[in-house]
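Q: my questions are about this predicted structure, shown below with the sequence.
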Amino acid sequence: MIDNQEFMVEAYPRELTQNPLRKIWMPCKNGHIVHRRVCMTNCPTLIVTVGLPARGKTYISKKLTRYLNWIGVPTKEFNVGQYRRECLKIYKSFEFFRPDNEEGLKIRRQCALSALNDVRQYLSVEGGQVAVFDATNTTRDRRKTIIMFAEQNGYRVFFVESVCEDPEVIAQNIVQVKLGNPDYIDCNSDEAIKDFMKRIKCYESSYQPLDEVLDRDLSYIKIMDVGRRYLVNRVVDHVQSRIVYYLMNIHITPRSIYLCRHGESDLNIKGRIGGDSGLSDRGKEFAKRLRNFLQEQNIKNLKVWTSQMKRTIQTAEILGVSYEQWKSLNEIDAGVCEEMMYEEIQERYPLEFALRDQDKYRYRYPKGESYEDLVQRLEPVIMELERQENVLVICHQAVLRCLLAYFLDKTADELPYLKCPLHTVLKLTPVAYGCEVESFCLSVDAVNTQRDRPENVNVQRSTEDALQTVPAHF
Amino acid sequence: MSSTQRDNGSANSTEAKKTDLRVNEKKCSWASYMTNSPTVIVMIGLPARGKTYISKKLTRYLNWIGVPTKVFNLGVYRREAVRAYKSYDFFRHDNEEAMKIRKQCALVALQDVKAYLTEEGGQIAVFDATNTTRERRDLIQDFVKENAFKVFFVESVCDDPEVIAANILEVKVSSPDYPERHRERVMDDFLKRIECYKVTYQPLDPDDYDKDLSFIKVINVGQRFLVNRVQDYIQSKIVYYLMNIHVHSHSIYLCRHGESKHNVEGRIGGDSELSPRGKQFAHALRDFIDEHKLSDLKVWTSQLRRTIQTAEELGVPYEQWKILNEIDAGVCEEMTYEMIQETFPEEFALRDQDKYHYRYPGGESYQDLVQRLEPVIMELERQGNVLVICHQAVMRCLLAYFLDKGAEDLPYMKCPLHTILKLTPVAYGCKVEMFYLNVEAVNTHRDRPLGKIPKDSTLIHRRNSYTPLSSHDQVKRPRLYSAGNQPWLPLAPTPSALMPEERQSQTRIGGSCLSPCAKEATLTAQKKLVAVSASK
């Protein structure tokens, strides 16, 4: 963030230099520039979940955290249940949660405060932007404590309440995420379910849902019946608006997302990046195998998406189904390095080549894009993937890495090196709090296009060191 | 995004013909393909709750992102049927004669909706009326079911008397119903009109009667929202949009970077520095901002050097947006138009055929730009006062959104260097003021080529296509008038200053929303106003 004080003192206009890695113009003196990836709120945000047990609070917390981190907003979740487990070591039964259990209440309050302390550490000291405080927070009293804490520290509070009375949904929740919970590690399913239902009962009597009148000055979203209905109150800034939009687009209907790259292309074979070439013979063979694979999978109402580059469209054409083209799914733009081999890039732009290895996520090709730019461009794709059910996305290496990083919660450091080989289909199925991944290699040979990070990333390195990890090509 | 439809051959021939017509007429929009069936958006609310404001704004947004949308305002139909409005008595719920007429109008309007959605290539129809009774809404739902449309309700609920009074003053006083414009009498009659509706008003009931409907309830001008059963992508986008707009007064300033070195050489694109005159402009811009005493002005730039250099002069914090970068001219980057004509004569000709959809090889089209700029528009709606320092093509796209320009006009809008456009929302539209800062610069505008250029449509469609439309682009269906009723004439002439000649004959219903710039007076001698005009 730019410090306003500095502005008064310095002379204008300041000279501009372009950061060699990110290709961003900034004034010489300052190292930082306000660079819009996502609107920065001036104050950190504290998201507070509200709801009885088994209402999907942790599911929402984790998913929201994953999304916000992916779009570049540093976010962390704080699950009070975890603090309680650390404190208590052994969970005996639902009796701990009885409203008349004084000892229990004391411990639970202590855990909440401990978690809030860590929240403060994260938001005020460690540079976090959003903290998700995941607990039941079912009483007005508890919420008041949190609001005061936020006010003291200059955080904005946004409540996310999940209300659900559908017994089937609740039962399914319990089976999916509570049975495997550390609390019930030594119980059989029936015992666990019985105990958990009693646990819920303990909260019910003191539950004070967010109220349209009493809580009219708070900022919140009330999610009812797993997204059938929403009540949104006083959204005050961009981050909250994005959160609301995201929460309104996610669903829990079972489905699978299939991700794969186009079939091997002519440029792939030559070891060249980018461009807009057609499929090689092996690439076409892959497309045929893909068609068979999809038939075997017997997927209901599958939607097929491609980019607007020839190679993905050719692949989809061979499938013989209708598909939609997205320009946002196009491969990363390598700017001046388009259609070059890595060897050529090293020869013509050795500095660029080294910078890329130093920070592959933020590195922007001259007149091209960075992975960071890709993520911004792909956000609408992710939003629509959340809305949809069964989808097959035929895309490209860098794009696939970005999408995969979103679903598998990979960091910016890991993202550019995720392995996404040609002729392999990844099947992602949401399960519990995460995503199950199955990899299907369709047994058609293809060149390897994965270039790992070499040991030597110094700009002075030798050509040999630079090309150490370049995969073989024709 | 474009859609590749596979015909399964199962439809009978007339059905197939209908589908073909739709696909051929609409250039599939990246947003519009997502809705398979047309949608009727039904407004609900007492008078002076902002229904028409929301209808028009939403329509403008949807057309801009390429979803053919049109508003059907029941008041207009009523004014056609009943030549002279006398008083609020017409709206009394026990006035049987009037009730008959009003119902008749609704039916006629719905017929027009049907024609628009089934024959004229429309995707979304916004039915702008009070629709305050269950009876009326049931009627609409029957209609929708008959025609296999989707329906989405937008209810505006407001009990803040100040907001309502302000509404009445801003848009009702100038309504065709009140030609004498005597404010107090208007206010009085209108408030009584509202009372007539209150008697029979049945708000949406999410807990029981209306729990299966898809709707959004906007409460107290966006303070609170209740959203029920969003069915698809377009409804989700509508909800997101409605949740981001506000009615607080604010102004948006659009300008280009100062003249750049490439500008001087006649080169397009690139990432060059400001020329000396460009630096002068930046300096003048700083004075302009000081003069206008804008509180909390946010400044946005692209990530190209020339806009950042311009912002640096201002001495205030600014934010860089990569998506505000100029259109990518691909292989033509940094060339002059002469060079392009010489090196890529076919491309050059293609661009003139259809500048909107034309995509530079390895680059972008205006169409792509609009998609890219959507988050900027969304954020501009959320914000207060913003100055956006951008580029020619980008500025044209943003301006087209605010001024409701379609794909035909957008690429030829005049956005000269060293000129600031100030946009202020007013009534149902946008007031535009133009400030030329008296620093000379080259002219970078290329007019629409004269004469008819043969359109080779196959070549254009080798790249994808989706088309932002403006509300004016809708195909006009000749209205069938009952005997004795003359067509209603618009109150104000179409503002010609902002439209190319061939469009000036279109009638605009519901009053003009743009005031010609020539009326706006300048503040200081330093700046002179130039009428905004699209090229012929």
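A: Happy to help now that I have it.

Q: show me which residues of the stretch 301-450 of chain A sit near chain B.
A: Counting by C-beta under 8 Å from any C-beta of the partner chain, the positions of the stretch 301-450 of chain A adjacent to chain B are A:308, A:321-328, A:338, A:367, A:373, A:376, A:384, A:387. In short, each C-beta sits where N, CA and C put it, glycine included.

Q: need the longest helix for chain B.
A: helix B:96-118 (DSSP state H).

Q: and the contacts of that one?
A: Counting by C-beta atoms under 8 Å, 6 or more residues apart in numbering or on different chains, the neighbours of helix B:96-118 from elsewhere in the structure are B:18, B:38, B:40, B:70, B:72, B:74, B:77-78, B:81-82, B:89-93, B:122-123, B:125, B:127, B:129, B:136, B:139-140, B:143, B:147, B:149, B:474, B:477.

Q: and B:E155, that's in a strand?
A: Yes. The assignment for B:E155 by DSSP: H, G, I helix; E, B strand; the rest coil puts it in a strand.

Q: need the pLDDT of residue 2.
A: All of this refers to chain A. A:I2 carries a pLDDT value of 38.

Q: my bad, chain B
A: The predicted local confidence for B:S2 comes out at a pLDDT of 40.

Q: name the element the most centrally placed residue in chain B belongs to?
A: The central residue of chain B, meaning the one whose C-alpha is nearest the mean C-alpha position (C-alpha atoms, centre = their mean), is B:R60 at 2.3 Å. With the criterion set as DSSP states H and E, the secondary-structure element containing B:R60 is helix B:51-64.

Q: so what does the next helix or strand after that helix touch, helix or strand wise?
A: Per DSSP H and E, helix B:51-64 leads on to strand B:69-73 as the next helix or strand towards the C-terminus. Strand B:69-73 is packed against helix B:51-64, helix B:96-118, strand B:124-128, with contacts defined by 3 or more C-beta pairs under 8 Å, 6 or more residues apart in numbering or on different chains; DSSP states H and E.

Q: would JSON lines of those with mean pLDDT be doable?
A: As requested, the helices and strands packed on strand B:69-73 are arranged in JSON lines below (pLDDT from 0 to 100):
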{"stretch": "helix B:51-64", "mean pLDDT": "96"}
{"stretch": "helix B:96-118", "mean pLDDT": "94"}
{"stretch": "strand B:124-128", "mean pLDDT": "98"}
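
Q: ranking these by burial, who's on top?
A: Using mean count of other C-beta atoms under 10 Å in any protein chain shown, the stretch among those with the greatest mean number of neighbours is strand B:124-128 (a mean of 26).

Q: partner strands of that one, parallel or antiparallel?
A: Looking at strand B:124-128 with DSSP bridges, its paired strands and their directions are strand B:39-44 (parallel), strand B:69-73 (parallel).

Q: that older thread, just flag the most distant two among the residues of the stretch 301-450 of chain A next to chain B.
A: Based on C-beta to C-beta, the longest span within those runs between A:V321 and A:K367 and measures 36.2 Å.

Q: okay, the two: which has more neighbours?
A: Legend: neighbour count by other C-beta atoms under 10 Å in any protein chain shown for A:V321 and A:K367, higher for A:K367 (18 against 14).

Q: nearest spatial neighbour of the more buried one, skipping sequence neighbours?
A: Nearest residue to A:K367 in three dimensions, chain neighbours excluded: A:G335, at 3.7 Å (C-beta to C-beta, 6 or more residues apart in numbering or on different chains).
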